[in-house]
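*Asks:* below: sequence and its predicted model.
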Amino acid sequence: MHVKWALAVFAAADDAEVQKVNYTVPDAAGIHFVDTMDTKESWVVASGEKFNGVWTFGHRQVEAIVADVGLVVNDSARHHAIAREIPTWTFGGSDFVIQYEAQFQEDLHCGGAYLKLLNWDRSRPLNEFDNEAPYVVMFGPDRCGGTNKVHFIVRYQNPVSQEWEEKHSTKAVTPPVDRQTHLYSLVVRADNTFEVFVDLKSVSSGSILTDLSPGINPPAEIDDPTDSKPEDWIDNPKMPDPSAEKPEDWDEDEPAQIDSTMPEGWREDIPAQIADPAATMPDAWDEEEDGEWEPPQIPNPACGVGCGTYKPAKIPNPKFKGKWEAPQVDNPDYKGEWIPRQIANPHYFTEDNPVSKFNSINTIGFELWTMQANLLFDNILIADSWDRAQQFAESTWKVRSQIEDSLKPKRKSKTTLERLTDMASENLLWVGFAVVALVAVCWFSCRSPEPEMPAKKPSPKPSPARAEQVVASSSAASGADPSPDGIRKRENTKETGGLGMDIDE
């Protein structure tokens, strides 16, 4: 069926018109497997007691393609597991592409969103799928604690020992962490190379033979498990000089810090502050009304080095040497680093075309732990052509992604300060001229400073009654209005430089 996108226009939250599209089933012709999550019938939820998280098929919280549904992790802080059968895929004859969409609708701070591809024993019911189920490939984002990567892991069987071992990609890929829909694609090519794409952009590539750890091919020799280091083996290249002796004047008991001593000239018999001898009581001060007048305090001029009680500080001890240790010299018995004896690896093999030996795939599943709910998955695809996978993504994920971009909240308009900052950064030369001119103006206007006025001596504030009496007598002498309104007008005149208006006005 061909894709038919019927356009529908909706108003976004900021009243700007954003074009969304109505969902129709995308064209999957020529693709090995596609699940657009249009139906839940093929999916089987794990029945294990551990997996108490609920899965749902639902719409996105913010729709870009209207009426499109996805597979949703419904609960936070729960284990979730779900799987479905797919047409069997056999490796080796062509390239292999696995691709799917993932959206963290409530961010992802701790949880997985990776997909497991399995060779499921179909004699077992699929609801037994769990974290112990052996997979062939695991791929997708995972973020929690020190882990923040897009996994690519292959389980590969050693043909000699018959043991399965996980082989991890050494190419680190950090997943995007936001609320947009992102597309994860893995291409494993028939020439034994691989490439990881995020949002159709290549983010890592490598060789199945050389860029997995542990490597596909094991080493030809291994440590002999029966070998052990001899008791008399000396692997320290240095040793304490046996001829060295501790100097006689080396005192290990001296502390690292000592108390400082009082400097010469420090006077503990006089205070650091004294009453200002030049201060006089104001004429308007009435000690009966205002209380006893006290002159302001000033630094004691007799304190040359310091005054008052001396409090010692902790200072480094010049005599401190610490515990004596003999100097290190070359160890004459040094034999070097001990290495176990090497023996032939009984499980050694070589394989030049490991992809052809990958186990076949007949089932896919999500087995996750997440602290955030509403992770959504959609459009899982398995194909033999990266070009065909891209075509499918262009008609599905890219359409959605472009609309989601347009639905992002628009950036607020810049403030005046931000605009001035931008203008300054773009016109540094003119800003430089302006600064020079401003400095010149300030210099000419400030080069003849007014004579300094004597510093006003601080004095205690008189009582309200006394203050009113002093103001009234001053007003009578000057002919000013002594009423409260008159006082307020004079205060306003002083505050506003003689304009006679309130500061608030």
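*Replies:* Perfect, thanks for sending it.

*Asks:* pLDDT of stretch 273-291, averaged?
*Replies:* Computed over stretch 273-291, the mean pLDDT rounds to 90.

*Asks:* please enumerate the helices of this protein.
*Replies:* 287-290, 386-395, 397-407, 416-426, 428-446, 464-478, 484-495 (DSSP state H).

*Asks:* which one is Lys319 nearest to, not counting chain neighbours?
*Replies:* Excluding its sequence neighbours, the residue lying closest to Lys319 (CB to CB, 6 or more residues apart in numbering) is Glu254, at 4.7 Å. For every residue, glycine as well, the C-beta is placed using N, CA and C.

*Asks:* surely the one you found meets Lys321?
*Replies:* Yes: applying CB atoms under 8 Å, one finds Glu254 in contact with Lys321, separated by 6.6 Å.

*Asks:* what is the neighbour count of Leu117?
*Replies:* 24 (other CB atoms under 10 Å).

*Asks:* enumerate every residue touching it.
*Replies:* Each residue near Leu117 by CB atoms under 8 Å, 6 or more residues apart in numbering is listed here: 98, 135-139, 361, 363-364.

*Asks:* can you rerun that using 7 Å?
*Replies:* 98, 135-137, 361, 364 (CB atoms under 7 Å, 6 or more residues apart in numbering).

*Asks:* who's it bridged to?
*Replies:* Val137, Ile364 (DSSP bridges).

*Asks:* do the same with Ile222
*Replies:* Ile343.

*Asks:* I'd guessed it sits against Asn345; true?
*Replies:* Yes: using CB atoms under 7 Å, Ile222 is in contact with Asn345, at 4.7 Å.

*Asks:* got the end-to-end distance for stretch 172-182?
*Replies:* 18 Å (CA to CA, to the nearest Å).

*Asks:* what's that stretch in contact with?
*Replies:* For stretch 172-182, the surrounding residues in contact (CB under 7 Å, 6+ apart) are 101-105, 107-108, 141, 143, 148-150, 196, 198-199, 203-204, 397, 400-401, 404.

*Asks:* filter these down to the buried ones, ChimeraX style.
*Replies:* This is the ChimeraX syntax for the buried subset of the contacts of stretch 172-182, where burial follows 16 or more other CB atoms under 10 Å:
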select :101,102,103,104,105,108,141,143,149,150,196,198,199,203,204,397,400,401,404
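
*Asks:* from the contacts of stretch 172-182, which land in strands?
*Replies:* Secondary structure from DSSP state E places 101-104, 141, 143, 148-150, 196, 198, 203-204 of the contacts of stretch 172-182 in strands.

*Asks:* any regions of the stretch 301-450 of the chain where pLDDT drops low?
*Replies:* Residues of the stretch 301-450 of the chain meeting the criterion pLDDT under 70: 410-450.

*Asks:* mind doing that once more with 90?
*Replies:* 302-305, 369-372, 406-450 (pLDDT under 90).

*Asks:* same check, this time on the stretch 101-250 of the chain
*Replies:* Along the stretch 101-250 of the chain, segments meeting pLDDT under 90 span 105-112, 143-148, 172, 176-178.

*Asks:* do a quick rundown of the strands in it.
*Replies:* Under the criterion DSSP state E, counting those that start in this stretch, the stretch 101-250 of the chain contains strands at 111-112, 115-118, 135-144, 147-157, 164-169, 181-188, 193-198, 201-207, 212-213, 221-223, 238-240.

*Asks:* right, and the ones you listed - which one's nearest Pro299?
*Replies:* strand 238-240 (57.7 Å; CB to CB).

*Asks:* who does that closest one pair up with?
*Replies:* strand 328-330 (antiparallel).

*Asks:* show me the contact partners of the strand it pairs with.
*Replies:* Strand 328-330 is contacted by residues 237-241 when judged by CB under 7 Å, 6+ apart.

*Asks:* how far does it sit from the chain's center?
*Replies:* Taking CA atoms, centre = their mean, to the nearest Å, one finds strand 328-330 lying 46 Å from the centre of the chain it belongs to.

*Asks:* same deal with stretch 31-51?
*Replies:* Computed by CA atoms, centre = their mean, the chain-centroid distance of stretch 31-51 equals 34 Å.

*Asks:* buried sites along it?
*Replies:* So, applying 16+ other CB under 10 Å, buried residues of stretch 31-51: 31-37, 43-46, 48, 51.

*Asks:* and the two most separated of those?
*Replies:* Ile31 and Gly48 (32.0 Å).

*Asks:* if we can go back for a sec, just so I know, which of the strands of the stretch 101-250 of the chain lies nearest Gly58?
*Replies:* Per CB to CB, nearest to Gly58 of the strands of the stretch 101-250 of the chain: strand 181-188, 14.6 Å.

*Asks:* got the angle between that closest one and strand 135-144?
*Replies:* With axes from the mean of the first three to the mean of the last three CA atoms, to 10 degrees applied, the angle from strand 181-188 to strand 135-144 works out at 140 degrees.
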